[in-house]
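A.B. asks: give me a model of this one.
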Amino acid sequence: QVQLVETGGGFVQAGGSLKLSCTASGLDASKADMTWFRQAPGKDRWYVAVSTFGGDVFYADSVKGRFTISRDNAKNTVSLQMNSLKLEDTAVYYCAAKIGSGDITWRSSYAYWGQGTEVTVSS
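C.D. replies: As a prediction, the model looks like this:
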């Protein structure tokens with residue numbers, strides 16, 4: 001049984017930083033595309049950052065230059081360092097994993113999801 005567990009959410013002032021982590025079990029993360037999505041209140045869930053099993057990383061335009069995704073395959077973890085946080089970064093952040101084909105930015109491509117961790121950025 002695959003489980004993804006996110007940690008690290010919380011409250012932060014605008015301009016501050018947070019680091020999210022996701023630990024996978026029941027899954028060899030080295031063979032998976034690992035992605036962070038987020039869902040703001042009343043909005044759809046969108047991809048934020050992707051770390052592919054091949055070592056590539058991609059970011060949504062809204063977070064480029066501020067967020068960094070990294071992974072540790074030995075620990076089966078993927079992290080998201082978020083700097084210069086803005087009010088519009090407030091959302092529930094989800095870790096997701098997929099193995100095999102499918103667009104890496106599409107929510108529907110991902111079979112495995114964490115429960116989400118809430119990030120609130122205040123002014």
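A.B. asks: where does the spatially most central residue of the chain sit, in terms of helix or strand?
C.D. replies: Centroid check for the chain by C-alpha atoms, centre = their mean gives residue 36 as the closest residue, at 1.9 Å. Using DSSP states H and E, residue 36 maps to strand 33-39.
A.B. asks: may I see the buried residues of that strand?
C.D. replies: By neighbour count on 16 or more other C-beta atoms under 10 Å, the buried set for strand 33-39 is 33, 34, 35, 36, 37, 38. (Each C-beta comes from the backbone N, C-alpha and C, glycine too.)
A.B. asks: packing partners of it?
C.D. replies: strand 18-25, strand 45-51, strand 67-72, strand 77-82, strand 91-98 (3 or more C-beta pairs under 8 Å, 6 or more residues apart in numbering; DSSP states H and E).
A.B. asks: try 7 Å this time
C.D. replies: strand 45-51, strand 91-98 (3 or more C-beta pairs under 7 Å, 6 or more residues apart in numbering; DSSP states H and E).
A.B. asks: of the ones you listed, which is nearest residue 81?
C.D. replies: Nearest to residue 81 among these is strand 45-51; the distance by C-beta to C-beta comes to 9.8 Å.
A.B. asks: give me the contact list for stretch 44-62.
C.D. replies: 30-39, 63, 67, 69, 71, 78, 80, 94, 104-105, 107 (C-beta atoms under 7 Å, 6 or more residues apart in numbering).
A.B. asks: repeat for stretch 10-28
C.D. replies: 1-9, 76-87, 93, 95, 97, 112, 114, 117, 119-123.
A.B. asks: quick check: end-to-end length of that stretch?
C.D. replies: Using C-alpha to C-alpha, to the nearest Å, one end of stretch 10-28 lies 28 Å from the other.
A.B. asks: cool, and stretch 32-45?
C.D. replies: 20 Å.
A.B. asks: before I go, just wanted to say thanks for your time.
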